[in-house]
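S.K.: build me a model:
(2 chains)
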Amino acid sequence: MFSYALRRLAYSIPVVLVGSFLLFWAVRVAFDPLGKLRQSPDPTVVEREITRLGLDRSIPEQYFLWLGGLFSGNWGISSRTGGEVLPMIGAAAWPTLQLIFWGVLIGSLIALAVGAYSAVKQYSVADYVFTAASYLGIALPAFWFGLLLIQVFGVWPVQSLGASEPPLFFVGLHSVGSSGLNWDYLRHLVLPVATLTITLVASWSRFGRASMLDALSSEYVRTARAKGVPRRQVVVRHALRNSLAPFITVVLLDAGVLFGGLVVTEQIFSIPGMGKLLLDSLLAGDAFVLLPWMLLVALAIVVFNLLADLSYAFLDPRVKLR
Amino acid sequence: MTSFAPPTRATTPRLRRLLLPAVAALAIGLSGCASSGTATESASGTGAAGGTLVIGAEQEPDCADWIATCAGNIWGSYTMRTPTLPSAFDTREVDGSWQLVASNLLAGEPTVEVRGDGKQVITYQINPEAVWSDGEPITGADFVYTGLEIRDGDDIFDKTGYALIESIEAPDEKTAVVTMSEEYGNWRVLFSGDYSLLPQHLLEGQDRAAIMKDGYDFSGGPWKIDAWTKGESVTLVPNENYWGEQPKLSQVTFQFITDTAAAFQALKSGQVQALYPTPQLDALSQIEAGVPNTNIEVDPASGNLEALWVNNEAAPFDSVAVRQALAFAIDRPAIVERLYGKLGVSEAQQSFLTPLNGDFASDEFSQYTLDLDKVDELMTGDGWAKNADGVWAKGDQVAEFRVTSHAGNKRRELTEQVLQAQLKDAGFSLTIANATGADIFSKLAPEGDFDLGLWTIIDTTPQPALAASFTQSAIPSAENGYSGINFVRTRIEGLDELLTTVERSVDPEVRREASLEAEKLIAEGIPGIPVATVPNILMTSERIGGPVAINPSEGPFWNLEEWTIG
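M.R.: Next up is the predicted model:
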């Protein structure tokens, strides 16, 4: 499996390189890294930056300069902040990874439970209720649901019940002066994670249900039942375990996409993560942040794809990786 | 100083907030607790010394090296520069108008002398008590360091005025003498307005950008920066060595909340106690819906002017008659009412000088009110006739043109839609051709690739600066590397001389007379049409005591040291 992983990563390198060049070309064409500077009344500032950043060279030359910088740890300077890009992205990645961790952990557990229960109780009232709820969850716009949660758990208790402070906070992942995994963190975490997980649970539970139904209708389950294995054991040990592989694959694939896809959630809850960095950089035309941002997101998708494949092989012994 | 603002605060350099008519708050009718105010009114809250305050901030400054190109963001001034660094002049309301008055950094008003050779000498006497937070005195050497860093430095955002500095000397510890190469009427903006004084003893010979970019630990103001957590907040604590009035609060935090709806919810839930929202339509809707237990001040006396910029070289606007007809075709009060009626604001702006520079302004544009008969008269007089579609035509030319503004700015998009309808009634065909802020100000406007533009001009100090917008030397072209911001490419005879006098003369009365003359020429030549001043809105919890009031140049937090929380 280890050699398989290495081979997969090696295969990904040319894909990422070609993709990164196309990305570089697209970003350089679409964004002017000096857009903000051009508003300076001093035209020499722009001329100097063009020379310093090598913007007067050809796109391929600029690409290799940029790529060389990435490998040497020089990720460039943000045209928006004047700061180094590497620490900016590092700082943004951490809150996003926290959201993804909690969202995926909680979302997958709930989705798995809901999906399995719906499958076992197929066509029951509970199944219909969960099905309806999942369609609703998929359709819910994150910004609307997030603001609804803020209204219910943040504003209403203070405005209508006279609470001195809201039971759940919704600005950032910590109060000012607080840090670490503590009560304050949990009070900040609940609403953004709930906003994130509602959609995940909705879609994953549908997949979990389908996967579980497949497993329940398979021959090994029928055999187990015929052999008189207790129902609970059949469901948990045989069907559920075997439905896990495709379920986790989907979860991991989605997790990779989430790395750059939490724009709305991070915006609503003022969380300075990758999504918010994307938005700020797009608005400012900050090409030197956008480039590594997109590359990292692409890499995250590649890595999570690989993890999905590996997990599949790990969970389903019938699958051989070559 | 004047600059142009892309449409959203997030992308705006030197973005200045709006202030608006005090009457407006009455119309808000929101929570039953709205209060209107001027810069001298107090909020209702009271409180004892101490306590912490959290303020919702719409924007995070990109960097804190205030003289560098990365620092062109007004929220940087609100959150860190103004509270922590001393300036030679403050913007204050005197006898009903905004003026630059000597701050407590100085021992008094500087002396200004224009010598026989035309050079201007400004002598600053520094307050003997003025010290930096480390106890070192603020000296003439700090003026020397700051002035030369701006004049001679790389990566400086704006050298206007400083480029005219011939020399700066510090004959003794508490004196600074600045010699300008020529007369410069706006000299009060030096070491003031968008810039503040920097500590020479800590920065000279050092990498200033590296020391200041991400925040700094020195202060020469009532507050010092305790922490700047990127993406989250800036926290200020009192500077115990400040020589002026000590802050009453023990800590102020600016929490960055860029989503308008979330910011209002944070105010309602008590997670923040003050907001200074841009009056975009979503913010106005939130205000209209009501914000309980909140004082709301609406001030129209802002430094932000939203205007329609007419490309004087683009047909059909290469004709003065067509530009005048355009002005008579637009019902500006109706637009203002549509945009800010919820705040009780409906007065159109009648000058390109903002209310912040009202002393230098006239109301010459008031002659242009909606008058379709006048449109017909002007257009037919210029050889135009309406075609079968009811649109003015002249030979092969049809009065069809584009309006360009910042895509995604709802307020401006609404303005464009109203304009479209109004101009159709007058026989003009308007299409909307919006673009990103970067495209507008780096390509379209400098290259003249627009017909009508809709964007904001911003005065950050009560010193008129229309020369940058309307003099011929400021027309961007290939020859000058597309520098200058006379994007409308206007050439009005006699205007350059008048605006130069306004900018350069040190005689206040001469400046004012020249400005009023210039106003007449601008209104006749119609290089653009002023539409509205964008109102400023300050929302504070009833727990906050003050005086709490908006300063159109320094923002709403100019006197944060006087605030209390109950």
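S.K.: nearest residue to residue 110 other than its sequence neighbours?
M.R.: All of this is about chain A. Computed as CB to CB, 6 or more residues apart in numbering or on different chains, the closest residue to residue A:110 that is not its neighbour in sequence is residue A:201, at 4.9 Å. For every residue, glycine as well, the C-beta is placed using N, CA and C.
S.K.: wait, I meant chain B there
M.R.: Nearest-residue entry for residue B:110: residue B:124, 4.7 Å, with adjacent residues in sequence omitted and distances by CB to CB, 6+ apart.
S.K.: enumerate every residue touching that neighbour.
M.R.: Contacts for residue B:124 were tallied using CB atoms under 8 Å, 6 or more residues apart in numbering or on different chains; they are B:88, B:106, B:110, B:140, B:143, B:175, B:176, B:177, B:178, B:191.
S.K.: returning to what we had before: confidence score at the residue nearest to residue A:110?
M.R.: Note on residue A:201: pLDDT of 93.
S.K.: take the contacts of residue B:124 and lay them out in JSON lines including neighbour count, secondary structure and distance to residue A:160.
M.R.: Putting the contacts of residue B:124 into JSON lines (neighbours: other CB atoms under 10 Å in any protein chain shown; DSSP: H, G, I helix; E, B strand; the rest coil; distance: CB to CB, whole Å) gives the following:
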{"residue": "B:88", "neighbour count": "26", "secondary structure": "coil", "distance to residue A:160": "50"}
{"residue": "B:106", "neighbour count": "21", "secondary structure": "strand", "distance to residue A:160": "52"}
{"residue": "B:110", "neighbour count": "20", "secondary structure": "coil", "distance to residue A:160": "56"}
{"residue": "B:140", "neighbour count": "23", "secondary structure": "helix", "distance to residue A:160": "59"}
{"residue": "B:143", "neighbour count": "27", "secondary structure": "helix", "distance to residue A:160": "56"}
{"residue": "B:175", "neighbour count": "16", "secondary structure": "strand", "distance to residue A:160": "61"}
{"residue": "B:176", "neighbour count": "28", "secondary structure": "strand", "distance to residue A:160": "58"}
{"residue": "B:177", "neighbour count": "18", "secondary structure": "strand", "distance to residue A:160": "63"}
{"residue": "B:178", "neighbour count": "26", "secondary structure": "strand", "distance to residue A:160": "59"}
{"residue": "B:191", "neighbour count": "29", "secondary structure": "coil", "distance to residue A:160": "51"}
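S.K.: can you give me the distance of residue A:110 to residue A:173?
M.R.: Residue A:110 sits 21 Å away from residue A:173 when distances are taken as CB to CB, to the nearest Å.
S.K.: follow-up on the earlier one: you'd agree the residue nearest to residue A:110 is up against residue A:137?
M.R.: Yes - taking CB atoms under 8 Å as the contact criterion, residue A:201 and residue A:137 are neighbours in contact, 6.3 Å apart.
S.K.: pick out whichever of those two has more residues nearby.
M.R.: Counted by other CB atoms under 10 Å in any protein chain shown, residue A:201 and residue A:137 do not tie: residue A:201 has more neighbours, with 28 against 19.
S.K.: can you tell me the element that one falls in?
M.R.: When secondary structure is defined by DSSP states H and E, residue A:201 falls within helix A:183-216.
S.K.: what packs against that helix?
M.R.: With contacts defined as 3 or more CB pairs under 8 Å, 6 or more residues apart in numbering or on different chains; DSSP states H and E, the packing partners of helix A:183-216 are helix A:85-120, helix A:125-139, helix A:142-150, helix A:241-258, helix A:263-268.
S.K.: identify the residues contacting residue B:453.
M.R.: B:308, B:309, B:311, B:403, B:404, B:405, B:440, B:445, B:487, B:488.
S.K.: and it, what are its bridge partners?
M.R.: With DSSP bridges as the criterion, residue B:453 is bridged to residue B:309, residue B:404.
S.K.: do you know how far it is from residue B:306?
M.R.: When distances are taken as CB to CB, residue B:453 and residue B:306 turn out to be 11 Å apart.
S.K.: show me the contacts for the closest residue to residue A:300 other than its chain neighbours.
M.R.: Taking CB to CB, 6+ apart as the measure, residue A:300 lies nearest to residue A:259, with 4.0 Å between them; neighbours along the chain are not counted. For residue A:259, the contacting residues are A:93, A:96, A:97, A:100, A:274, A:296, A:297, A:300, A:301, A:304, taking CB under 8 Å, 6+ apart as the criterion.
S.K.: same thing with residue B:226?
M.R.: Taking CB under 8 Å, 6+ apart as the definition of contact, the neighbours of residue B:226 are B:235, B:236, B:237, B:251.
S.K.: follow-up on the earlier one: and which of the contacts of residue B:453 is nearest residue A:281?
M.R.: Ranked by distance to residue A:281 (CB to CB), the contacts of residue B:453 are led by residue B:440 at 18.5 Å.
S.K.: can you tell me the SS state at that closest one?
M.R.: Of the three states, residue B:440 takes helix under DSSP: H, G, I helix; E, B strand; the rest coil.
S.K.: test my guess that it contacts residue B:407.
M.R.: No - contact status for residue B:440 versus residue B:407: not in contact, 9.3 Å apart, counting by CB under 8 Å.
S.K.: picking that back up, pLDDT for the contacts of residue B:453 - can I get that in CSV?
M.R.: Formatted as CSV, the entries for the contacts of residue B:453 read as follows, by pLDDT from 0 to 100:
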residue, pLDDT
B:308, 97
B:309, 97
B:311, 97
B:403, 97
B:404, 95
B:405, 93
B:440, 84
B:445, 90
B:487, 94
B:488, 96
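S.K.: burial check on residue 209, number of neighbours?
M.R.: You didn't pick a chain, so chain A it is. When counting by other CB under 10 Å, one arrives at 26 neighbours for residue A:209.
S.K.: can you look at chain B instead?
M.R.: For residue B:209, the neighbour count with other CB under 10 Å is 20.
S.K.: same deal with the one 4 residues further on?
M.R.: The local packing of residue B:213 (other CB under 10 Å) involves 20 other residues.
S.K.: and it, how far from residue B:228?
M.R.: When distances are taken as CB to CB, residue B:213 and residue B:228 turn out to be 10 Å apart.
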